[in-house]
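[1] requesting a structural model of the entry that follows:
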Amino acid sequence: MAASHPSGPRDASHGPGAPATAAGDALRATGAAVRDADPGDAVAGVAPRWVASPASTEEVAALMRVSAGYDLAVVPVGGGTKQAWGDPPQRCDLVVGTSSLVLGGGSAVEHSCGDLVARVSAGLPFDVLQSALAASGQELALDGPVPGGTVGGMLATAAAGPRRLRYGTARDLLIGITVVLADGTVARSGGKVVKNVAGYDLGKLFTGSYGTLGIITEAVFRLHPVPPARRWVTTALPAPAAAGESATGFPVGPGALATALAASQAEPSAVELDWLAPSGAPALSVLVEGTAAGDRAETVRGLVGSGRATGVRAEAVRDLAGGGDGPAPGGRVEAVPETAVTRQAPGWWGAPPGEVLLELRIPPSGVDRALSAVAGRGLPARVRGSLASAVLQIALPGEVGAAAFAAFVSGVRADVAPLGGRLTVLAAPAELARLAGRWGPVAALPLMRRVKERFDPGRRMSPGRMAGGL
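    Here you go, the predicted structure:
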């Protein structure tokens, strides 16, 4: 990791009691655009005093040096699409928006097409990045967040979609990162070629940090060619049996079937679950990409229709590339836009506004029992997500009662803990999250506290957003 340190001594006369006008003037003197906050700038209900829109890593560093001198709590914000994730900050003086950040030369993307590498500003919307790369027939093989979500926000929340099964998560595709620490230090790790992995651990550390360690300003990613064809095979699974009729409640275990599909020669990029109600029939969606996509889709059809999954029938094969291989026997082909890839799969990126959202992570061997635990809790839960990767999201109606919600969360946690699983409350009203416990038991909390002390000893970076008040 290479680091450039802030110049000049810290002014010890500044502190929590320093006049707000002096701090505001010092922030504006950095050259970054700074304004007084308004009610719409609140982060998870916590109102800041100022909002800054820096244009470069250097301006972010200058803002952080001033914030260190005046003991200001700082919260970075990208597109604002996941502000409800994590606990509200315990205090927030300055919001640092990343949407105006650019690289040297004024561009937000530096694309090395021949190396399959892109250097990207953290404030760039993910869909804009994909459009820029698509012009060269390449992509960042992640499924983008909700419209308006940024690259930095995707990293900060460790969001990853259906294709994590084949390509991994942002941690796996990130080969370089630039961050600004709480004292204004600029730290860089990794490089702009895939074989250079120096400092890669810094990228892993900041991915999923919710802005509690510093501000991500740039990222370098390994890219992939856009597949020449994409096909979804959608499968209707039998509804769960009545309690006591089977070990898991499912005549055909979705998790067991997903494991078989993931290990098959079809090499799927995603195996997704869409279960709209605990008493209903789950739907399984399998994505195959690349060469011979049609033949591999037929392999998937054979697996789900074989004795390995009695009673399962492949209902459709969808050619998302808009043509090419023709209809599969017994199926139907629909030409749909390339952008429909994430719409065809379950909505992994979150519940509709007003709903409560939880995330369930569990070893693949425990998926079926975990799904039965969710179904047995008596709430109208909707379960969607990456079945073969065993990362699922559970949506509940926003009007769910506090007692019922807390009982649901504690009950599911108790059921999945022996299976090696954990349940997190991603988005919920503050009172519901408090009653249920947003994070649940966190075994790594002592280590997380040591890391926080190392990177942000003054607890000024998004304080309280993560487990244990970090």
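
[2] in the chain, what helix or strand scores lowest on average pLDDT?
    helix 341-344 (a mean of 34; mean pLDDT, DSSP states H and E).

[3] after it comes which helix or strand?
    strand 356-361 (DSSP states H and E).

[4] which other helices and strands contact that next one?
    strand 391-396, helix 402-416, strand 422-427 (3 or more C-beta pairs under 8 Å, 6 or more residues apart in numbering; DSSP states H and E). Placement of C-beta: from N, CA and C, glycine included.

[5] CA atoms only for the second one, dumped as PDB, please.
    Coordinates of the C-alpha atoms in helix 402-416 are reproduced here as PDB (Å, rounded to 0.1, in the frame of the first residue of the first chain):
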ATOM      1  CA  ALA A 402     -42.600  -4.900  15.800                       C
ATOM      2  CA  ALA A 403     -43.100  -7.900  18.000                       C
ATOM      3  CA  ALA A 404     -43.900 -10.200  15.100                       C
ATOM      4  CA  PHE A 405     -40.800  -8.900  13.200                       C
ATOM      5  CA  ALA A 406     -38.500  -9.400  16.200                       C
ATOM      6  CA  ALA A 407     -39.800 -12.900  16.800                       C
ATOM      7  CA  PHE A 408     -39.300 -13.700  13.100                       C
ATOM      8  CA  VAL A 409     -35.700 -12.500  13.100                       C
ATOM      9  CA  SER A 410     -34.700 -14.200  16.300                       C
ATOM     10  CA  GLY A 411     -36.400 -17.400  15.300                       C
ATOM     11  CA  VAL A 412     -34.800 -17.700  11.900                       C
ATOM     12  CA  ARG A 413     -31.400 -16.800  13.500                       C
ATOM     13  CA  ALA A 414     -31.800 -19.500  16.000                       C
ATOM     14  CA  ASP A 415     -32.700 -22.000  13.300                       C
ATOM     15  CA  VAL A 416     -29.900 -21.200  10.800                       C
END
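
[6] which secondary structure state does residue 154 sit in?
    With DSSP: H, G, I helix; E, B strand; the rest coil as the basis, residue 154 sits in helix.

[7] what number of residues lie near residue 104?
    11 (other C-beta atoms under 10 Å).

[8] correction: the previous question concerned residue 398.
    Using other C-beta under 10 Å: residue 398 sits among 14 other residues.

[9] swap in residue 21?
    The number of residues near residue 21, taken as other C-beta under 10 Å, comes to 8.

[10] now do the buried residues in the helix or strand containing it.
    Secondary structure from DSSP H and E places residue 21 in helix 20-28. If you call a residue buried by 16 or more other C-beta atoms under 10 Å, then helix 20-28 has these buried ones: 23, 24, 26, 27.

[11] so what's the first one up against?
    For residue 23, the contacting residues are 14, 66, 70, 72, 93, by C-beta atoms under 8 Å, 6 or more residues apart in numbering.

[12] can you pull out the helices in the stretch 151-300 of the chain?
    151-157, 164-167, 170-173, 200-206, 254-262, 293-304 (DSSP state H, counting those that start in this stretch).

[13] return the most buried member of the ones you listed.
    Stretch with highest mean neighbour count among the helices of the stretch 151-300 of the chain: helix 151-157 (a mean of 28; mean count of other C-beta atoms under 10 Å).

[14] circling back: of the contacts of residue 23, closest to residue 153?
    Set against residue 153, the nearest of the contacts of residue 23 by C-beta to C-beta is residue 93 (20.7 Å).

[15] ok, and the closest non-adjacent residue to the closest one?
    Counting by C-beta to C-beta, 6 or more residues apart in numbering, residue 72 is the residue found nearest to residue 93 once chain neighbours are left out, at 3.9 Å.

[16] would CSV of the helices of the stretch 151-300 of the chain with mean pLDDT be doable?
    CSV is the format used below for the helices of the stretch 151-300 of the chain (pLDDT from 0 to 100):
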stretch, mean pLDDT
helix 151-157, 92
helix 164-167, 91
helix 170-173, 90
helix 200-206, 81
helix 254-262, 85
helix 293-304, 81
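
[17] as TSV, those with distance to residue 78 would be great.
    Shown next, in TSV, are these (distance: least, C-beta to C-beta, whole Å):
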stretch	distance to residue 78
helix 151-157	4
helix 164-167	20
helix 170-173	14
helix 200-206	13
helix 254-262	32
helix 293-304	34
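
[18] residue 183: which of the ones you listed is closest?
    helix 200-206 (15.9 Å).

[19] for the closest one, packing partners?
    Using 3+ C-beta pairs under 8 Å, 6+ apart: helix 200-206 touches strand 174-180, strand 186-190.

[20] next up, the contacts around residue 75.
    Counting by C-beta under 8 Å, 6+ apart, residue 75 has contacts 43, 48, 89, 92, 94, 95, 96, 211, 461, 462, 465.
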